[in-house]
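> what shape does this take:
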Amino acid sequence: MARFVLVHGAFGGAWCWEPVAERLRSAGHRAEAFDLPGAGSDPTPAGEVTLARYAQRTCEILAAGPPALLCGQSMGGMVITQAAADCPSRVAALVYVSAFVPWEGMSLIDLTREPEAAGDQVQANMSVSGDPPVARLDADGALAAIYNRADPARAREAAARLGPQPVRPFTEPFTVGERAAEFAALPRAYVSCLQDNAIRLPMQRRMYTLAGCSPVIEIDTDHSPWLSATDELVGALLRIAAELC
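As a prediction, the model looks like this:
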């Protein structure tokens, strides 16, 4: 039995992982999803939301059980990378699901400005306002950017659940810290989504190649395979668990 800790992306919440978590549990594994600070039902004010807070919460969840396959989708890739650097002994392997994979000193915004990331439809469709700044992605933007291969009715339901996203974590760089050797030794896998309008395929390839991810499993779907290709994503996660655990 493997333990999966599932980290959602920007605008989302633990609810995004519900279909996947249910199937992983049915397959005999332990699967846990949670709201990052300021997301879903978590009450953390936007002004207090940072990448460090995201990583701290993730390490707290990890500490409640044995070392886990730490899975992050989209922005969740930034979170799991920082958390793994902070508490590597609690991580069995890192699994990136169409996610950002930063190298040291890079923020999410930095990654979106790389040449391979051109055409990112999240940046093209989100709006930012307020102090502290908060980003929002409306239903039409979500359908174009992250649900472009999902069933339209289900995509509309998911889009209606998207919430505001504090911008500050987008701007903060990943730092390795004092446990660099332990962090570097962690196995890494990547689930690449071939029709992703949020993290374009050339950028996915650059990141998973630099990070040394193996295996890399491709799914012919959009940025949100938990919705558009649930069974294929679960199959990929089960394969990764069998290979890395």
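
> what pLDDT is listed against Cys245?
Note on Cys245: pLDDT of 84.

> check contacts around the closest residue to it other than its chain neighbours.
Once flanking residues are discounted, Cys245 sits nearest to Ala2: 5.0 Å by CB to CB, 6 or more residues apart in numbering. Quick note: C-beta positions are derived from backbone N, CA and C, even for glycine. Neighbour list for Ala2: 29-30, 68-69, 92, 241, 245 [criterion: CB atoms under 8 Å, 6 or more residues apart in numbering].

> can you list contacts of stretch 129-140?
Residues from elsewhere that reach stretch 129-140, judged by CB under 8 Å, 6+ apart: 10-11, 46-47, 122, 125-128, 145-146, 156, 159-160, 162, 164-168, 170.

> just stretch 149-167 next, same as before
By CB under 8 Å, 6+ apart, stretch 149-167 touches 10-13, 15-16, 38-40, 46-47, 49, 126, 128, 132-139, 142-143, 147, 195, 221-222, 224, 227-229.

> filter the residues you listed down to the ones in helices?
139, 142-143, 227-228 (DSSP state H).

> ok, of these, which come out buried?
Buried by 16 or more other CB atoms under 10 Å: 142-143, 227-228, out of these.

> could you dump the helix or strand encompassing Ala124 to CSV, C-alpha only?
Here Ala124 sits within helix 121-125, counting by DSSP states H and E. Extracted in CSV, the C-alpha atoms of helix 121-125 (Å, rounded to 0.1, in the frame of the first residue of the first chain):
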residue,chain,number,x,y,z
GLN,A,121,-3.5,30.6,-21.4
VAL,A,122,-3.8,31.1,-17.7
GLN,A,123,-1.7,34.2,-17.8
ALA,A,124,-3.7,35.3,-20.9
ASN,A,125,-7.1,34.9,-19.2
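
> any buried residues in it, and which?
For helix 121-125, a neighbour-count test (16+ other CB under 10 Å) marks 121-122, 125 as buried.
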